[in-house]
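only geometry, no sequence info:
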């Protein structure tokens, strides 16, 4: 991969700062709704609930929507793996640093799989009759932007000059994250923690937790 110019590196850095600051503001704003007092005494472990939320609770057999749609669940995992691989590729052209042949091969596989998964999910949203009525423009825009971002990372790993395109797409992705549904990549952790805290404390999660009267 070809290292980026100082100007492009600066632009990516500014985009990242704007993205992080915007997401932080969004999180802080959620506290303006206040916090409901919990009158019932704890019946379980909040820490256990969080562990479940980020562990077993992520497995498809624990989620009805995923259990009944294994191909989509798998595509989602590959898609997100491709996104993380794309940001790793971006880091490699910003810093820059050399990637060993084994790691480079793994990177290529993840990027190719991520692009294929993103294309599959976009096609499903466009072609499945049940998906079209519940899809909004942001659903399509987010999918298209991120899929092109993955494609640019894959191309840049073979065509050095394409690193400029990768930088441009990364700026677009970073600036779009706080505006569209892609921000779930940040709020996912926040909401899973709150989910685990509440239901773990109530003794609902994990499911095998004993409820003592």
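Happy to help now that I have it. Please read all numbers here as calculations on a predicted model, not as lab measurements. Numbering: from 1, shown residues only.

lowest-confidence helix or strand of the protein?
Using mean pLDDT, DSSP states H and E, the weakest-scoring helix or strand in the chain turns out to be helix 64-67, at a mean of 77.

next one: the residue nearest the centre of the chain from residue 19, what distance?
The residue lying closest to the centre of the chain (CA atoms, centre = their mean) is residue 185, at 3.6 Å. Look at residue 185 and residue 19: by CB to CB, to the nearest Å, they are 10 Å apart. In short, each C-beta sits where N, CA and C put it, glycine included.

can you pull the residues that touch both of these two?
residue 177 (CB atoms under 8 Å, 6 or more residues apart in numbering).

report the buried residues of the longest helix along the chain.
What stands out as the longest helix in the chain, according to DSSP state H, is helix 101-127. By 16 or more other CB atoms under 10 Å, the buried positions in helix 101-127 come out as 107-108, 110-122, 124.

ok now that helix, how far from the chain's centre?
Distance, stretch centre to chain centre, for helix 101-127: 14 Å (CA atoms, centre = their mean, to the nearest Å).

determine the set of other helices and strands touching that helix.
Applying 3 or more CB pairs under 8 Å, 6 or more residues apart in numbering; DSSP states H and E, one finds that helix 101-127 makes contact with helix 70-94, helix 137-156.

and the nearest residue to residue 107 once chain neighbours are set aside, how many residues sit next to it?
Nearest residue to residue 107, sequence neighbours excluded (CB to CB, 6 or more residues apart in numbering): residue 85, at 5.5 Å. Applying other CB atoms under 10 Å, we find 23 residues neighbouring residue 85.

quick one, grab the pLDDT at residue 85.
pLDDT, residue 85: 95.

I'd say it and residue 105 touch.
No. Residue 85 is beyond contact range of residue 105, at 11.9 Å (criterion: CB atoms under 8 Å).

tell me the buried residues in the least confident helix or strand of the chain?
Neighbour-count burial for helix 64-67 flags residue 66 (criterion: 16+ other CB under 10 Å).
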